[in-house]
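In: with the sequence up front, the predicted model follows.
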Amino acid sequence: MDSVTVHDGDSVATLLRDGRSGERIDAADTCVTLAQDVPRGHKVALGSILPGAMVLKYGYPIGRATRAIAAGDHVHSDNLATGLAGTLDYAFAPIDSAPAPSAQTATFAGYVRADGQVGTRNEIWVLPTVGCVARTAERIAAKAGARLAGQIDGVHAFGHPHGCSQVGHDLDGTRQILASLACHPNAGGVLIVGLGCEENQVAALIAAIPAWRRPAIRTLTTQLSGDELEEGVALVEELAALAACERTDVGLDRLVLGVKCGGSDGLSGLTANPLVGRMSDRVVGAGGRVVFTEIPEMFGAEQILMNRAANVDVFDAIVGVVNGFKRYFLDHGETVSENPSPGNVAGGITTLEEKSLGAVQKAGRSTIADVIAYGARVRAEGLTLLEAPGNDAVSSTALAAAGATVILFTTGRGTPLGFPVPTIKIASNSDLAQRKPGWIDFDAGQVLDQGFDAADAALLDRIRGIASGAETAAERNGEREIAIWKRGVTL
């Protein structure tokens, strides 16, 4: 197989290997002769396309031709441009999108908490209120982790540069993301480390944490401590004793799955993202929860999602989040189509519409049950849309804060990043998986050779294993971090 199309009406095909000028390529139900060298993951025209005509991929427009395109031409940035502009008016045209209930009896061994949540890890998290004590939090975590080795799954600090010189909505966002992380079921206990003089005061952060969670929280204000390192370690040891827990077999209905893509290429929307969409539908069908985000990477595909809203209130909430993000860009003098990234373009993605149509496939085909704000925690069974930008670290942190206990992260270019919860890196192509085994946990390129059903079963097994305690590549590498969405002035 030389290339692949997604929909019968597509006007382009995506090459599955590098093609050379003059080479005949099997494409859909025809053959075309390449007019230029075309790299793997890039698009080739299946027929003549007139200037100004819409170019179709995934059965939807991915932009307009900026000049005449002949059959066999490489379709990319020199002859295709986005059609996106500003905010839009949308109409709700609901479709029946709910997947059939899963007959799958798959389980994983998780930590069942007293509050009913289920974690995939039993760790102690150290959260600094402010960047001034981020390094202090790391020192506490390292020393406590060495003392507690073998007694708990790990002690981890999540530093950040915020918490001071912030006001209003911006400060509220920092406080809320930390409060939600403090409620995470993967953390059997949480130590909050403050400085004492910051805007993000320890007392205000504790007030933002629900009362049911506070027994598993300890606090340390370093300006008031004689030896903050030893005092912090003692508090972590106290939390570890309270967090003692054994793994128990539970069903997929107890899993909270976050889905994310980063460093996408032209194959991401053909292999890794639709494969993750199948996992999303499996978890939703089993009665579990799935959270997806990256609002700016829905532009051009948003109506597809809106039509899957459970009701008009959810539809209105999706419209509000999408147009709110567009307005956010426009108010800062940026176009709504300021995407894809240079790496995306090098990998074959030309326009934001193309990127979005591939990206939204991670959410499967389920009904969208709820929409939540940045920093909020998931509250409904089924599929939830979370407000957050496309940035890998910011959006993955928001997924963790929302309650995701495993994140499926697809990539065509590769990244070593890891986040507070197990982050399973899924390569869109086998070349990446073979070149970067230290980064990649699963090769979705096998879809092209073995089909979706075989890859589906293999990925589900990998998810179950990691949810039950097997390490991800990022965990082995010590790659764990958070990033907080900075939206306001800095004092």
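Out: Right, received. Where do you want to start? Numbering: from 1, shown residues only.
In: and stretch 139-147, what's its mean pLDDT?
Out: When pLDDT is averaged along stretch 139-147, the result is 98.
In: all strands of the stretch 201-350 of the chain, in order?
Out: 217-221, 248-251, 256-261, 289-292 (DSSP state E, counting those that start in this stretch).
In: now those strands in TSV, with distance to Leu357, mean neighbour count and mean pLDDT?
Out: In short, each C-beta sits where N, CA and C put it, glycine included. Below are those laid out as TSV (distance: least, C-beta to C-beta, whole Å; neighbours: other C-beta atoms under 10 Å; pLDDT from 0 to 100):
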stretch	distance to Leu357	mean neighbour count	mean pLDDT
strand 217-221	43	20	98
strand 248-251	32	14	97
strand 256-261	12	28	98
strand 289-292	14	28	98
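In: for the closest residue to Gly154 other than its chain neighbours, give the beta-bridge partners.
Out: Sequence neighbours aside, Glu123 is the residue nearest to Gly154 in space, at 4.6 Å (criterion: C-beta to C-beta, 6 or more residues apart in numbering). Counting by DSSP bridges, Glu123 forms beta bridges with Gly154, Ala187.
In: now the closest residue to Phe92 other than its chain neighbours: how far from Ala91?
Out: Nearest residue to Phe92, sequence neighbours excluded (C-beta to C-beta, 6+ apart): Phe315, at 4.5 Å. Phe315 sits 9 Å away from Ala91, going by C-beta to C-beta, to the nearest Å.
In: okay, these two: which has more neighbours?
Out: Phe315 (22 against 9; other C-beta atoms under 10 Å).
In: spatially nearest residue to Ile192 (excluding sequence neighbours)?
Out: Thr219 (4.8 Å).
In: same question but for Tyr374, I mixed them up
Out: Tyr374's closest residue in space is Glu387 (C-beta to C-beta, 6+ apart), at 4.6 Å.
In: the one you found against Val371, yeah?
Out: Yes - using C-beta atoms under 8 Å, Glu387 is in contact with Val371, at 7.4 Å.
In: list residues touching both of those two?
Out: Val321 (C-beta atoms under 8 Å, 6 or more residues apart in numbering).
In: where are the low-confidence patches of the stretch 101-250 of the chain?
Out: 101-104 (pLDDT under 70).
In: one more time with 90, if that's ok
Out: 101-105 (pLDDT under 90).
In: same check, this time on the stretch 251-400 of the chain
Out: Applying pLDDT under 90 to the stretch 251-400 of the chain picks out residues 337-339.
In: all the helices of it, residue numbers only.
Out: Taking DSSP state H, counting those that start in this stretch, the helices of the stretch 251-400 of the chain run over residues 272-285, 302-306, 312-331, 342-346, 352-359, 392-402.
In: where's the residue nearest to Tyr374 relative to Ser264, distance?
Out: 21 Å.
In: and Lys326, by the same measure?
Out: For Lys326, the distance to Ser264 - C-beta to C-beta - is 21 Å.
In: ok, Ala68 next?
Out: 29 Å.
In: okay, the two: which has more neighbours?
Out: Ser264 (28 against 13).
In: that one touches Phe409, doesn't it?
Out: No - counting by C-beta under 8 Å, Ser264 sits too far from Phe409 to count as a contact (10.8 Å).
In: wait, what's in contact with His160?
Out: For His160, the contacting residues are 128, 131, 134, 174, 482-484, by C-beta under 8 Å, 6+ apart.
In: could you find the closest non-adjacent residue to Arg435?
Out: Arg435 sits nearest to Gly414 (C-beta to C-beta, 6+ apart), 7.8 Å away.
In: mind pulling up the pLDDT for the one you found?
Out: At Gly414, pLDDT is 96.
In: give me the element it is part of.
Out: Counting by DSSP states H and E, no helix or strand carries Gly414.
In: ok, so what distance separates it from Thr293?
Out: Counting by C-beta to C-beta, the gap from Gly414 to Thr293 is 21 Å.
In: which of the two has more residues huddled nearby?
Out: Higher neighbour count among Gly414 and Thr293: Thr293, with 28 against 19, using other C-beta under 10 Å.
In: go ahead and confirm that one touches Ala388.
Out: Yes - the pair Thr293 / Ala388 is scored as a contact, 4.3 Å apart, by C-beta under 8 Å.
In: shared neighbours of these two, anything?
Out: Common neighbours of Thr293 and Ala388 (C-beta under 8 Å, 6+ apart) are 395, 398-399.
In: so which of these is the most crowded?
Out: Ala398 (34 neighbours).
In: what residues are up against the closest residue to it other than its chain neighbours?
Out: Excluding its sequence neighbours, the residue lying closest to Ala398 (C-beta to C-beta, 6+ apart) is Ala388, at 4.0 Å. For Ala388, the contact set (C-beta under 8 Å, 6+ apart) comprises 293-295, 374, 394-395, 398-399, 485.
In: for the helix or strand harbouring Gly63, packing partners?
Out: Using DSSP H and E, Gly63 maps to strand 60-65. Using 3 or more C-beta pairs under 8 Å, 6 or more residues apart in numbering; DSSP states H and E, the elements in contact with strand 60-65 are strand 54-57, strand 80-81, helix 352-359.
In: what's it in contact with?
Out: In contact with strand 60-65 (C-beta under 8 Å, 6+ apart) are residues 49-56, 79-83, 300-301, 304, 350-351, 353-354, 357.
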